[in-house]
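next come a sequence and a model predicted from it.
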Amino acid sequence: MTQLLPHVEVETQAKPDASIIWLHGLGADGHDFEPIVEQLNLPENAAIRFIFPHAPTMAVTINNGMVMPAWYDILEMNIDRKVDEEQLNKSANAIIDFINSEMARGIASERIIIAGFSQGGAVAFETALAFPEKLAGLLALSTYFATKDSISYHPANQQLPIAIHHGSHDPIVPFSLGQQSTELLTAKGYSVEFKQYPMEHSVCAEQIDDIRQWFITTLNL
């Protein structure tokens with residue numbers, strides 16, 4: 001059996017029929033978004049398994065080589081962010097292992113959502129858009145499409161519901177990068193719902209309400 005990354009699991013009901021794999025940002029861990037499950041206040045009948053993987057630890061160049069949880073190394077802090085794509089793809093493969101594991105546990109691929117914040121969102125873009133079986137949706141929070149020039153899009157997810165959220169005052173990942181991802185994917189024929197919030201590099205209460213509604217719609221809860 002494939003060895004999965006260490007992770008946190010939260011089930012809203014016994015016998016889940018859907019899974020949400022949610023990736024944290026640079027320097028955080030899987031516990032970062034764990035409290036959001038309760039905050040989402042999902043319908044009582046929602047039987048969802050939330051999976052929050054912990055990124056491996058590595059030296060991060062832009063942070064003076066400090067070792068921290070990271071999905072990949074960021075080599076330059078320019079607007080387009082030069083990243084270690086080999087490491088990013090390795091992380092995407094680790095998330096594919098989670099998808100395959102959920103399918104082996106009886107969850108249909110079209111009942112699996114991939115969500116990611118910041119660096120985790122960059123991995124989520126790569127994972128979901130290249131995955132060879134239909135997924136339920138992609139939620140990209142305060143992030144950027146790091147592999148937009150190298151990704152191999154898979155037609156199985158051409159109709160994938162995509163929600164991109166970004167803070168208009170984000171000092172870490174510029175708001176323009178959220179707009180850029182939206183414009184690029186829309187031009188390629190993807191259905192993208194873009195929402196902006198008057199916040200910095202974070203998540204806000206209004207946004208949690210919107211995420212709740214998007215999960216309900218996307219998973220037909």
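Received, thanks.

farthest residue from the center of the protein?
Asn64 (25.8 Å; C-alpha atoms, centre = their mean).

look up how far Met77 lies from that residue.
12 Å (C-beta to C-beta, to the nearest Å). In this view, the C-beta of every residue, glycine as well, is placed from N, C-alpha and C.

now swap in Arg49 and tell me
36 Å.

neighbour count winner among these two?
Comparing Arg49 with Met77 by neighbour count (other C-beta atoms under 10 Å), the higher total belongs to Arg49, at 21 against 11.

beta partners for the more buried one?
With DSSP bridges as the criterion, Arg49 is bridged to Glu11, Ser19.

pretty sure it is touching Val8, no?
No - assessed by C-beta atoms under 8 Å, Arg49 is found out of contact with Val8, at 11.0 Å.

now do the strands in this structure.
7-11, 18-23, 48-53, 57-60, 66-69, 74-76, 82-83, 112-117, 137-141, 162-167, 192-197 (DSSP state E).

in the fifth one, what counts as buried?
With burial defined by 16 or more other C-beta atoms under 10 Å, the residues of strand 66-69 counted as buried are Pro69.

hang on, Leu219 packs against Ile48?
Yes - judged on C-beta under 8 Å, Leu219 makes contact with Ile48 at a distance of 7.4 Å.

shared neighbours of these two, anything?
Counting by C-beta atoms under 8 Å, 6 or more residues apart in numbering, the common neighbours of Leu219 and Ile48 are Ala18.

how much space is there between the residue lying closest to Gly25 once chain neighbours are set aside and Ser191?
Take Gly25 and drop its neighbours on the chain: the residue closest to it by C-beta to C-beta, 6 or more residues apart in numbering is Ser118, 3.4 Å away. Distance, Ser118 to Ser191, by C-beta to C-beta: 23 Å.

wait, isn't Ala130 in contact with Ile151?
Yes - counting by C-beta under 8 Å, Ala130 touches Ile151, with 5.7 Å between them.

mind giving me the packing neighbours of the lengthiest helix in the chain?
In the chain, taking DSSP state H as the definition, the longest helix is helix 85-104. Packing partners of helix 85-104 (3 or more C-beta pairs under 8 Å, 6 or more residues apart in numbering; DSSP states H and E): strand 18-23, strand 48-53, strand 112-117, helix 119-130.

try it again with 7 Å
Judged by 3 or more C-beta pairs under 7 Å, 6 or more residues apart in numbering; DSSP states H and E, helix 85-104 is in contact with strand 18-23, strand 112-117, helix 119-130.

would you list those in TSV and tack on distance to Cys204 and mean pLDDT?
TSV is the format used below for these (distance: least, C-beta to C-beta, whole Å; pLDDT from 0 to 100):
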stretch	distance to Cys204	mean pLDDT
strand 18-23	17	98
strand 112-117	13	98
helix 119-130	16	98
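
related to what we said a few turns ago, list the contacts of the residue nearest to Gly25.
Gly25, Leu26, Ser142, Thr143, Val173, His201 (C-beta atoms under 7 Å, 6 or more residues apart in numbering).

do Phe117 as well
Leu23, His24, Gly25, Phe33, Leu141, Ser142, Thr143.

could you redo the last one with a cut-off of 8 Å?
So Phe117 contacts Trp22, Leu23, His24, Gly25, Asp32, Phe33, Leu141, Ser142, Thr143, Val203 (C-beta under 8 Å, 6+ apart).

right, I'll call it a day here.
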